[in-house]
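**Q** missing the sequence, but the structure's below:
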């Protein structure tokens, strides 16, 4: 039961990043590379029918976390209070930037919403990387400071940053150099992912520039990822324990490697969708690898006093969730159907100049 | 009330009030768009399809506002009400997760197809996508009401030694006697508002002579759906809901009616101000015996007054609850009156030229939103002082780690942002309406 719902939660969050991730990436490309109306329109139409349904994965994952692991939901959402509020604002501006732009035909209106759409997309990509960094680094559960605990065992509260910006200090912040590193990786990976989606879905004038930039971005991504892996082992020595016990798990990091190599050598592959396949392998492989490394921990504790929040102490009620197994199975099948339908209806690539 | 609790409640109340303005229109308008598309398929008359396309634009704007203001609601259970979430997640987490999994995906996926895919899908499939958006939005209403119904009247649960609620009987969540009356009442209210909006836009087009065809169609459609909906929201659905309140939340019922003392043949107060110091109503106009009659269909039935319940179990804001309830009922009555009058004028073929009614329907449309909100304030102020009625008090559910200062900060942020969003929405709504009616 614990394993099942842990897997479900990680699966839903991974799908969310794979899907809404290309929306953010497209927004980032829009911000830096789309200088004329035609390119902007290409990007809008490439993500327009999908972004809202993509975003729902976040809501649904949040709901599943609430139901399956209520102690984690309560702890994480209240502990990361300000970052979550910032996330809400970014999601609001991203959505409005997309949907309100075309409602008024005036260049100032367009400039305003383009700015908001682009920057909120960028900050969202950065933000999710920061979030991953926080989850992986752990938090000061129980608010243990100077020998005593401020809160109950599974609660914490993080300020946005601490004075040293270090992930090893006693007082942690949401932003430190480790989480920023992961933020940078996310930003890079999702930019590539968005660029790949644009290559897949459109025949835009942007293609040439994107095809030139992607390999460079991918090289940087590979280097940063390798660096992070080493740093992570230093911060959390037990990070690779699951892998040592079950070596077949290395399959998933290998997918990551295949993905990023594919992007580096993109020129060798033909077909509009290859870049997107590779970026998906990297992101999907990366998130699954992280989850596999952390299982069963959901939110680590950085102090020795209060235990990690794991799938086994996060409030899962096995008898109550037994019925959830059923409705979840039904629901996720339906959802898969909707997405297959949605992507099939809009499968034709958008010609330039539409 | 300590600051953290007050700001937490204020923030939730404010954000849900603003958010809900949008689903009110989404749910009812989805039905009306399906109606227009169906009439188009049946008759082949292009006007219906143009009407659907017009309302699609409004729908898309309204929907995105609903989505962006809705996400803070899901998050807020965890951010500001963490203890509530920790204790009740195994129960209400399920209905909330189901809302995400079953309704939001359905709505969003098919709205994408509906808004972007008319040419790709063809008329029949386009219609089908409209129906699925309708289904998704109503299912969303149903599931969120299942959550609220459990909070108002908990069923199917067991409480563990540590205070945690666990679900024992999943089916009881949906068989909750509180749920169906509340859901049907809520949908009728949504349809009332949406009908008024459609009729009001029609009235505007007729008064300004900007689009005669739309004017007549919207007015007709809004009138007939509005007539049905405004009656249904009162009888039988409103009646069913009130009977649930008197049965399962008698203290709330007493507060709603400002009934301080138990009465044998209780009077129905039409107007009056609750005087909390002297425990009576000032300037009262009331119908003797009618409250007992409406509630139990007998004149001589006893209705419990607030004196029967310990003060700590009284709703925390009795005048607020009383006024919310009376505003809702008063406005609802006016809506029924307006709709019947409109139907009469329509029957006499005078409606489209009768300016007083056209002006009235435009001005009364914002009041339908107020009536909807007043209804929800009745429900939620009525639920106080409980988060889970009779089992968990509001002050027990707050997040232990979030300070009053942080809550006030984010609350002020929401107020500022939402004022801007609201103004933007109104301006864009007006623009869409105004521009669609180029002098025809």
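**A** Alright, I've got the coordinates. If you're wondering where the values come from, they're calculated on a predicted model, not measured in any experiment.
**Q** helices along chain A, start to end?
**A** Taking DSSP state H as the test, the helices found in chain A are A:2-32, A:37-47, A:51-68, A:70-79, A:81-100, A:107-137, A:177-201, A:207-235, A:241-245, A:251-264, A:274-294, A:318-345.
**Q** what's the most buried one of those?
**A** Neighbour counts (mean count of other C-beta atoms under 10 Å in any protein chain shown) averaged over each of those peak at helix A:70-79, with a mean of 27. For every residue, glycine as well, the C-beta is placed using N, CA and C.
**Q** just send the helices of chain A back as TSV, with distance to residue B:255 and mean pLDDT too.
**A** Converted to TSV, the helices of chain A look like this (distance: least, C-beta to C-beta, whole Å; pLDDT from 0 to 100):
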stretch	distance to residue B:255	mean pLDDT
helix A:2-32	41	96
helix A:37-47	50	92
helix A:51-68	31	96
helix A:70-79	31	96
helix A:81-100	33	96
helix A:107-137	43	96
helix A:177-201	49	95
helix A:207-235	56	92
helix A:241-245	56	88
helix A:251-264	58	94
helix A:274-294	50	95
helix A:318-345	33	93
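**Q** would you turn the ones you listed into TSV with distance to chain B?
**A** Formatted as TSV, these follow (distance: least, C-beta to the nearest C-beta, whole Å):
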stretch	distance to chain B
helix A:2-32	9
helix A:37-47	8
helix A:51-68	3
helix A:70-79	2
helix A:81-100	4
helix A:107-137	10
helix A:177-201	13
helix A:207-235	22
helix A:241-245	27
helix A:251-264	26
helix A:274-294	19
helix A:318-345	4
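**Q** okay, the ones you listed in CSV with distance to residue B:256 next?
**A** Formatted as CSV, those follow (distance: least, C-beta to C-beta, whole Å):
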stretch, distance to residue B:256
helix A:2-32, 41
helix A:37-47, 48
helix A:51-68, 31
helix A:70-79, 32
helix A:81-100, 34
helix A:107-137, 43
helix A:177-201, 50
helix A:207-235, 57
helix A:241-245, 57
helix A:251-264, 58
helix A:274-294, 50
helix A:318-345, 33
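**Q** what's the spacing between residue A:19 and residue B:364?
**A** From residue A:19 over to residue B:364 the distance is 43 Å, taken as C-beta to C-beta, to the nearest Å.
**Q** residue B:230 too?
**A** Relative to residue B:364, residue B:230 is positioned 11 Å away (C-beta to C-beta).
**Q** what's the overlap in contacts for the two?
**A** The contact sets of residue B:230 and residue B:364 overlap at residue B:335 (C-beta atoms under 8 Å, 6 or more residues apart in numbering or on different chains).
**Q** and the two? which has more neighbours close in?
**A** A side-by-side neighbour count of residue B:230 and residue B:364, using other C-beta atoms under 10 Å in any protein chain shown, places residue B:230 first with 28 against 19.
**Q** three-state assignment of the more buried one?
**A** helix (DSSP: H, G, I helix; E, B strand; the rest coil).
**Q** how far away is it from chain A?
**A** Remark: distance between residue B:230 and chain A (C-beta to the nearest C-beta, to the nearest Å) = 31 Å.
**Q** go ahead and confirm that residue touches residue B:334.
**A** No - contact criterion C-beta atoms under 8 Å: residue B:230 and residue B:334 do not qualify, at 9.2 Å.
**Q** pull out the buried residues from whichever strand or helix holds residue B:346.
**A** Using DSSP states H and E, residue B:346 maps to helix B:318-347. In terms of neighbour count (16 or more other C-beta atoms under 10 Å in any protein chain shown), helix B:318-347 has its buried residues at B:318, B:320-329, B:331-332, B:334-336, B:338-339, B:341-342, B:345-346.
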